[in-house]
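Asks: show me how the following folds:
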Amino acid sequence: MVAALLATTALPVVADAQAAATTPAPSEVTRVQPQGMSESVAAVVNSDIISTYDLGQRMRLLIATSGVQPTEQNIAQFQREALISLVDESLQLQELRRVEKDQKIDIVATEAELDDEITEMAKGNNLSKDQFLTSLRAQGIGAGTLRRQIQAQTSWQRWIRGRYGSRLRVGEDQIKAQQQHLAAAASKPQFQISEVFLDANRVGGMDVATQGAAQLVTQMQQGAPFQAVARQFSAAATAASGGDAGWISAGEMAPEVDAALEQMRPGQLSRPIPVRDGVYIIYLRDKRAGGGSSIVNLKQAAIGLGQDATPEKIAAATATLADLKTKVSGCGNLEAQAAKVPGIVAGDLGEAEVKDLAPAFRSAAESLQVGQVSDPIRTAAGLHLLAVCGKRASGGDVLTHDQIENRIYGQQLSMIARRYMRDLRNSATIETRN
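Replies: Residues are numbered from 1 along each chain as shown. Here you go, the predicted structure:
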């Protein structure tokens, strides 16, 4: 949880002289704030009031953490994002306090826990807690603004994981389906990307999202760090990791994004890419051609039979291996089950390129999916059951079983959290004041 917060709220504080030199002073932010903003009510969320002071403070925090410089053109975007964040946090804290009251449990982070989080954040900036808070004040940001953001984030994450995390189950069928998809995609071009996604429903429509994305692209072209922008503005699940989506293949994202990636070069930042429900900004970090050949990880169970073995021996060995296959669920228990049958030798064959395998093994390796076991295969040395434990393109990275499971788990938990927030917004009374 601490790491996630560091990723979200670490500041370019005075420890970095260059960052401090370019961080706008409070007076600079004030100069580009909309005319007529006064100390009054900015929004009412059910019974909670968000003041224009709260809004201005959150705008300064966004500016400090995103690296985007305030201008007349983008100040409205800062104001909109700050207000959305404050509204969401009000809804979250209201819900958490309701749950605490109903269920007699403690969820909302205590002041001591917030102190601990701020201390960890200060360490991430090579500062003491007091130095860290002093650097915030120098940028016109009160400690209470940061504490409120941390309290909402940590408490909400704790509740979502506590309520839903233990109930989520990622099935082996889901993992195998993902393994098969990755194996099938291994021969296609692959792209290592970072992403910013502006959700049109969240920011007020496609026109607003497109305009906001264009302003962010301009700022990043002028030096705003992509990771910092993603952490503060992106609605994608990758926001907490600075927009890092890793390696993807064609077909994993919207067709509009695929089309843009085909035209991009490594190191290039895309223009805003409108899709059905929002706008993407993509940074292409690297690109590689699909693997020209496949690499498989194999295990086998075998009975030794010479070329001169009688038909009766071959039939008996075939029946033995066929019976073993019914008891094997894949690579996980192949060796254990084989050890129970006299005369069968089992072992890990490791990785090999499919094209380098013996013809009989090559045919099985090409046709089997990860986790499947072949029928008995006759070779000059004997009879073999072949289990495919993994497949990947030559030269490509391969996700482990646990990595795939964690990815699916994270996606499901993120989807639940988004739906929860959507329901809270839909049932709330939210009034904004211009």
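
Asks: relative to P70, how far out is the residue nearest to T145 when sequence neighbours are not counted?
Replies: Spatial nearest neighbour of T145, chain neighbours left out: Q57 (4.1 Å); criterion: C-beta to C-beta, 6 or more residues apart in numbering. For glycine as for every other residue, the C-beta is placed from the backbone atoms N, C-alpha and C. Distance of Q57 to P70, computed by C-beta to C-beta, to the nearest Å: 14 Å.

Asks: just for this protein, where's the confidence low?
Replies: By pLDDT under 70, the weakly predicted segments of the chain are 1-38, 186-187, 289-293, 393-398, 434.

Asks: ok, A143 - contacts?
Replies: If a contact means C-beta atoms under 8 Å, 6 or more residues apart in numbering, then A143 has I118, L133, L136, R137 as its contacts.

Asks: quick one: which helix or strand includes the residue nearest to T145?
Replies: Counting by DSSP states H and E, the element that carries Q57 is helix 52-66.

Asks: which of the contacts of A143 sits closest to N297?
Replies: Distances from N297 to the contacts of A143, taken as C-beta to C-beta, are shortest for I118 (46.0 Å).

Asks: that closest one belongs to a strand?
Replies: No - applying DSSP: H, G, I helix; E, B strand; the rest coil, one finds I118 to be helix, outside a strand.

Asks: which residue ranges of this protein form strands?
Replies: The residue ranges that make up the strands of the chain, judged by DSSP state E, are 41-45, 48-51, 190-199, 244-249, 268-269, 273-275, 278-288, 294-304, 345-353, 377-378, 382-393, 430-432.

Asks: could you redo these as CSV and give each row distance to D423 and mean neighbour count?
Replies: What follows is the strands of the chain, written out as CSV (distance: least, C-beta to C-beta, whole Å; neighbours: other C-beta atoms under 10 Å):
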stretch, distance to D423, mean neighbour count
strand 41-45, 15, 19
strand 48-51, 18, 16
strand 190-199, 16, 24
strand 244-249, 27, 18
strand 268-269, 35, 15
strand 273-275, 24, 18
strand 278-288, 19, 20
strand 294-304, 44, 21
strand 345-353, 47, 15
strand 377-378, 54, 16
strand 382-393, 40, 23
strand 430-432, 14, 11
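
Asks: and S414, which of those is closest to it?
Replies: Of all the strands of the chain, the one in closest proximity to S414, counting by C-beta to C-beta, is strand 190-199 (12.1 Å).

Asks: on that earlier part again, relative to A76, which of the contacts of A143 is nearest.
Replies: Distances from A76 to the contacts of A143, taken as C-beta to C-beta, are shortest for L136 (24.2 Å).
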